[in-house]
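Enquirer: sequence plus the predicted model coming up.
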Amino acid sequence: MKAEVNQDIIVFFNNRMIPLRDAKVGILTHAFNYGTGVFEGIRGYWDESRRELFLVRPQEHYERWKRNCGILRIDVRPKPSVLCQITSALVRRNQFHSNVYVRPLAYKSAERIGVSPDDKDAFAIAVLPFGDYLHSRDGVHAGVSSWRRISDTAIPCRAKICGAYVNSALASDEARREGYDEAIFLTESGHVAEGAACNIFLVRNGKLITPSVSEGILEGITRDSIIELAQNELHLDVIERRVDRSELYVSDEVFFTGTAVELAPVVRVDHRPIGTGKVGPVAAELRRLYLEATRGGISEYRKWLFPVYRPVAAGKAA
Ligand SMILES: Cc1ncc(COP(=O)(O)O)c(C=O)c1O
């Protein structure tokens, strides 16, 4: 059993900061019945030496959130820079001095029966202390799911639409019951899409390959960070294209990326060892760079970090 969240933490709900225990929605809320919400996931890392908490790319997360809310015609009024400030204020109000996860959620909030949505929207932001999502340093085992990725013509998965996560929950549950750490989705046409809650990369002959944005994936911000690190720091070619299932088996390396998983090397897929069956050099080096960059250890990538306790200026890096 996972630990329950402390109900005393302060969250942002209906434009106020209130304890989580009081932030409730009614059972007839449209989003609760029909999945008509869009959420985000942002990490923040505590830096003990600087006594500072850095949010990772919050501006980009909030820009993506607002754009993707548009798919469901949900209007989140505040600008991304204001949402960054609200998030910082929440961290300070809770006096978090540890790694955190931020969960913004916008939703259709009318309380009535009927699937057709109207224009009543609401949003909330919660910040929680958060540790490792996958214990991944020595690599994880993944299995191709029997569930196919929902297609963009059914529910767009480039947005974090609440209802779409039934697809991820089914795949994730199946994977864990079968002894895997994470699921890999294929699209309806049988090509590799992504993990249940992360993007996927392959290394073949020194090149980095990842399914393109039209292959049923979430347009991951960590995916984008990893591409930047791979190109700038390791001078790797990055190719976005279709990937076959069997290409995973013959790759030199495979790894997942995501806000929660960070960079998780995959050492077995469907019980087949990938490469040597151990964490490969490209995944290990990119993981090291990503962890260092997101903890403020590489000056070029401080642009990704938003300090909470000593903000320099709204939206600016440390
Ligand atoms: C289905 C899915 N793919 C990919 C990702 C990774 O996206 P990001 O790097 O923006 O967190 C997530 C993140 O939660 C996800 O849910």
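Expert: In hand now; what should we look at?
Enquirer: quick one: residue 82 is in a helix?
Expert: Yes. Counting by DSSP: H, G, I helix; E, B strand; the rest coil, residue 82 is found in a helix.
Enquirer: count the residues that sit near it.
Expert: 13 (other CB atoms under 10 Å). C-beta coordinates here come from the backbone N, C-alpha and C atoms, glycine included.
Enquirer: I'd like to know how far it sits from residue 76.
Expert: Using CB to CB, to the nearest Å, residue 82 is found at 10 Å from residue 76.
Enquirer: near the ligand, which residues of the stretch 201-318 of the chain? Just list them.
Expert: Within reach of the ligand by CB under 6 Å from any ligand atom, the stretch 201-318 of the chain has these residues: 218, 220, 221, 222, 223, 257, 258, 259, 260.
Enquirer: farthest-separated two in those?
Expert: Longest distance between any two of those is 13.2 Å, between 223 and 260; criterion CB to CB.
Enquirer: quick one, which of these two is more surrounded?
Expert: The residue with more neighbours, out of residue 223 and residue 260, is residue 223; 23 against 16, by other CB under 10 Å.
Enquirer: doesn't residue 210 make contact with that one?
Expert: Yes. The criterion here is CB atoms under 8 Å, and residue 223 meets it with residue 210 at 6.7 Å.
Enquirer: please enumerate the shared neighbours of these two.
Expert: 199, 201 (CB atoms under 8 Å, 6 or more residues apart in numbering).
Enquirer: now the end-to-end length of stretch 140-155.
Expert: For stretch 140-155, the first-to-last residue distance is 29 Å (CA to CA, to the nearest Å).
Enquirer: an error on my part: the question was meant for stretch 9-29.
Expert: 23 Å.
Enquirer: list the buried residues for it?
Expert: 9, 10, 11, 12, 13, 20, 23, 25, 29 (16 or more other CB atoms under 10 Å).
Enquirer: go on, stretch 201-214?
Expert: The neighbour-count check on stretch 201-214 (16+ other CB under 10 Å) flags 201, 202, 203, 208, 209, 210, 211 as buried.
Enquirer: endpoints of it, how far apart?
Expert: End-to-end distance for stretch 201-214, by CA to CA: 15 Å.
Enquirer: i'd like the first residue to be 18 from this point on
Expert: I'll keep to 18 as the first residue from here, and by that count the last item is stretch 218-231.
Enquirer: which residues are in contact with that stretch?
Expert: 169, 175, 208-211, 216-217, 234, 236, 240, 243-244, 247, 253-260, 264-265, 267-274, 297, 299-300.
Enquirer: buried subset of those?
Expert: 175, 208-211, 216-217, 234, 240, 243-244, 247, 253, 257, 260, 265, 268-274, 297, 299-300.
Enquirer: let's see which of those end up in strands.
Expert: 209, 210, 211, 216, 217, 257, 270, 271, 272, 273, 274 (DSSP state E).
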